[in-house]
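Undergrad: got a sequence here, can you model it:
(chains A and B)
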Amino acid sequence: MIKPIIKVIGHDKVAKEMLNRVDQKSFDELAENTMKKIQLDSFRKAPVLTGFLSSNLVANENRKRTDGVPLGSWDLIDGTDYTLVQEFEHMSKSGFIRTSVWDAEPRFKKEVKKLAKKGK
Amino acid sequence: MTKMSHLSLAYSLEQFIEGSTGINTFIKYDGMTNPDEKPFISIQLMQNNNESLSKQRETVLTNFRFQVGLFANSAWERSQYQEQLRDLFLFSEIPLYDSNGVLTSSSFLIEPDFNETPMPADDLSDVTERHRMYFDLEVIGTFNKK
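TA: Numbering: from 1, shown residues only, chains lettered A, B, ... in the order given. Modelled structure (predicted):
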């Protein structure tokens, strides 16, 4: 089972240091929005035969909070048996999830920095 | 200082893996088929991402990415080679070749947070498909404007 995880680590600590100026919910929203972006991006890049794989990628039910983490961490669940194999071995479209994650990563880091600085 | 490129890093990896494990290693290209004899290792070039670190493009960071596939004869063999390769990728400084295949004095390291993904065989009649796994490697390089 392939499970990309997007999370903001240590926002509790940052929030305490900033005297609750930083709202934890905004970090959580940012993590969720980034995961949505990744879902949509991988949906666009995914190979289509029946559409089951790609529609599973973009489904809202497959975006879940990480077990045991109340805020700021989201998982994407593949939902089919063959997503993993296609992700690594499709002839022309392999890496459709990984490339979406790589594309979202630098922007996500920048946004986290911005949020922590502004305290909004 | 030699400039690293995607191909030169892949070639260095190929030489290094083949030299230290003795397994047949090759860089994957379009239209190539896997060899019949196992074990072998394939190196696939993946997407790179660039990021500007300082203003006016003075320093740019590049993530070079590779997918290394290991194809073995048995589950035992796969785990043995997997352990060897993991040690190599984690702790070795890999000598850098340039893209013409000439050894340089520089070396590089692989980012230590790579994934090891075993791949299930969906078609049991295909023997090549059994006992395989993939490493996701990443090498980070920074380049300066000259």
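Undergrad: next secondary structure after the lowest-mean-pLDDT helix or strand in chain A?
TA: The weakest-scoring helix or strand in chain A, judged by mean pLDDT, DSSP states H and E, is helix A:11-17 (a mean of 63). Using DSSP states H and E, the helix or strand that follows helix A:11-17 in sequence is helix A:24-45.
Undergrad: for residue B:49, what are its contacts?
TA: Neighbour list for residue B:49: A:102, A:103, A:105, A:106, B:62, B:63 [criterion: CB atoms under 8 Å, 6 or more residues apart in numbering or on different chains]. For the C-beta atoms, the positions are set from N, CA and C on the backbone; glycine is no exception.
Undergrad: where does the fifth one land in three-state SS?
TA: This points to residue B:62. Counting by DSSP: H, G, I helix; E, B strand; the rest coil, the backbone at residue B:62 sits in strand.
Undergrad: since we're on it, how many residues are nearby?
TA: 17 (other CB atoms under 10 Å in any protein chain shown).
Undergrad: just the first one next, same as before
TA: Neighbour count for residue A:102, taken as other CB under 10 Å: 18.
Undergrad: quick one: contacts for residue B:73?
TA: Applying CB under 8 Å, 6+ apart, the residues near residue B:73 are B:38, B:39, B:131.
Undergrad: swap the cut-off to 6 Å and go again
TA: residue B:38 (CB atoms under 6 Å, 6 or more residues apart in numbering or on different chains).
Undergrad: A strand includes it, no?
TA: No: secondary structure of residue B:73 (three-state DSSP): coil, not part of a strand.
Undergrad: could you check how far residue A:50 is from chain B?
TA: Per CB to the nearest CB, to the nearest Å, residue A:50 is found 16 Å from chain B.
Undergrad: cool, and residue A:104?
TA: With CB to the nearest CB as the criterion, residue A:104 and chain B are 10 Å apart.
Undergrad: over to residue A:34?
TA: For residue A:34 relative to chain B (CB to the nearest CB), the value is 15 Å.
Undergrad: next one: residue A:85
TA: Taken as CB to the nearest CB, the span from residue A:85 to chain B is 6 Å.
Undergrad: can you get me a residue count around that residue?
TA: Around residue A:85 there are 17 residues (other CB under 10 Å).
Undergrad: can you name every helix or strand that the helix or strand where it lies contacts?
TA: In the assignment (DSSP H and E), residue A:85 maps to helix A:83-89. Applying 3 or more CB pairs under 6 Å, 6 or more residues apart in numbering or on different chains; DSSP states H and E, we find helix A:83-89 packed against no helix or strand.
Undergrad: show residues contacting that helix.
TA: A:2, A:53, A:94, A:97, B:134.
Undergrad: so where's the chain shaky on pLDDT?
TA: Went with chain A since none was named. A:1-6, A:8-22, A:119-120 (pLDDT under 70).
Undergrad: that's the wrong chain, I wanted chain B
TA: Ranges of chain B meeting pLDDT under 70: B:1-2.
Undergrad: what residues does it have near chain A?
TA: When proximity is defined by CB under 6 Å from any CB of the partner chain, chain B lies next to chain A at B:46, B:47, B:49, B:51, B:134.
Undergrad: name the residues of stretch B:17-25 that are buried.
TA: Using 16 or more other CB atoms under 10 Å in any protein chain shown as the test for burial, stretch B:17-25 gives B:17, B:21, B:23, B:25.
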